[in-house]
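*Asks:* Fold the following, please.
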Amino acid sequence: MENIQGFMLDHLPIHSSNISDSQFIVIILPALGTPAKFYKQLYKGVIKADLGAVLLSLKGEGLLKKAQLISKSNFGYVEFLNDLEKIITFLKKNYPDKEIITIGHSIGGQLACLYNCHENSFATASIVIAGGLVWYQSWNGFEKIKMLFATQFLGLISKFLGWFPGKTIGFGGNQPKNLMLDWSRNARTGTYKLINQKIDYEATSKNVKSRFLGIVIDKDMYAPYASTKNLLDKFSASDRDIYTLTKDDFNNITPNHLNWLKEPQPVIDKITSWLHKKGITHENY
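*Replies:* This next block holds a predicted model:
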């Protein structure tokens with residue numbers, strides 16, 4: 001696995017396959033608090049599908065101490081997206097003939113989609129897996145109330161403490177305040193009004209023209225179908241598709257929000273078949 005970290009961002013571990021072997025560069029963005037190592041099988045499966053792969057860790061992964069999170073690492077969605085833009089710009093400069101496909105799990109899927117709002121986005125297609133808008137209205141019945149309460153409570157903890165002690169709480173790992181405030185606002189309002197934003201993501205998303213795929217894991221309590229649909233519907237001028245995978249699509253697991261990573265082949269198969277259907281890949285891919 002080629003490490004191209006030294007060419008880009010010192011604070012962000014980046015690994016890639018031999019990009020020169022493929023027409024495509026697939027960028028994999030993890031879920032919140034989920035180390036890149038958990039995506040090893042997905043990464044290998046993407047490479048086996050003859051797609052060049054770049055696996056990222058999200059900014060701040062491993063910054064677990066309160067002092068670090070408060071004094072040096074208070075960042076949010078905007079800083080995630082700025083890093084992603086730098087990485088993709090670097091890749092496009094060094095591999096100008098390659099097409100970029102962004103793939104994200106959970107919050108990584110939000111970032112994969114929102115990147116398209118950046119000027120001169122290089123994404124040919126963007127895919128969200130087990131993710132979507134955190135907006136509480138994406139849930140039904142009592143789950144809607146629970147989602148609203150939980151997200152706002154976690155946001156208040158972050159605002160009060162100045163950071164989010166996720167390892168203690170048991171959700172998402174330790175995170176900076178701004179990230180959790182962006183996340184809790186999204187859950188409350190269903191909009192992307194981000195701290196430090198220079199792009200109006202809500203207005204810009206309506207005019208983006210690209211291709212989007214949502215892959216829903218059936219009975220995923222953290223990212224139901226409506227959550228994925230509500231995210232992709234923000235890109236109303238784009239080509240959008242959503243598919244649901246059930247336990248019948250998997251051989252050895254009953255999939256949920258995280259453990260589909262133990263058997264990612266059904267997800268990879270859906271991605272490659274969709275790319276073929278859209279005419280993005282050549283017949284030999």
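*Asks:* Packing partners of the top helix by length along the chain?
*Replies:* Identified as the longest helix of the chain according to DSSP state H is helix 141-161. Packed against helix 141-161 by the contact rule (3 or more Cβ pairs under 8 Å, 6 or more residues apart in numbering; DSSP states H and E) you find strand 163-164, helix 177-189. Quick note: C-beta positions are derived from backbone N, CA and C, even for glycine.
*Asks:* right, and those - which one's nearest residue 150?
*Replies:* Closest approach to residue 150 among the helices and strands packed on helix 141-161 (Cβ to Cβ): helix 177-189, 8.5 Å.
*Asks:* Show me which residues of whichever helix or strand comes after the closest one are buried.
*Replies:* Sequence-wise, the next helix or strand downstream of helix 177-189 (DSSP states H and E) is helix 201-205. Of the residues in helix 201-205, 201-202, 204-205 count as buried by neighbour count, 16 or more other Cβ atoms under 10 Å.
*Asks:* cool, and stretch 210-226?
*Replies:* For stretch 210-226, by 16+ other Cβ under 10 Å, it's 210-217, 220, 222-226.
*Asks:* Repeat that for stretch 103-120.
*Replies:* 103-118.
*Asks:* Can you list which of those are found in strands?
*Replies:* Residues of the buried residues of stretch 103-120 located in strands (DSSP state E): 103-105.
*Asks:* What confidence value was assigned to residue 267?
*Replies:* Looking at residue 267, its pLDDT is 98.
*Asks:* Quick check: the gap between it and residue 186.
*Replies:* 24 Å (Cβ to Cβ, to the nearest Å).
*Asks:* Would you mind writing the CA trace of stretch 85-94 as CSV?
*Replies:* What follows is stretch 85-94, C-alpha atoms only, in CSV (Å, rounded to 0.1, in the frame of the first residue of the first chain):
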residue,chain,number,x,y,z
GLU,A,85,-10.5,19.5,-1.5
LYS,A,86,-6.7,19.7,-1.0
ILE,A,87,-6.3,16.0,-1.4
ILE,A,88,-8.5,15.7,-4.5
THR,A,89,-6.8,18.8,-6.1
PHE,A,90,-3.4,17.2,-5.4
LEU,A,91,-4.5,13.9,-7.0
LYS,A,92,-6.0,15.6,-10.0
LYS,A,93,-2.9,17.6,-10.6
ASN,A,94,-0.7,14.5,-10.4
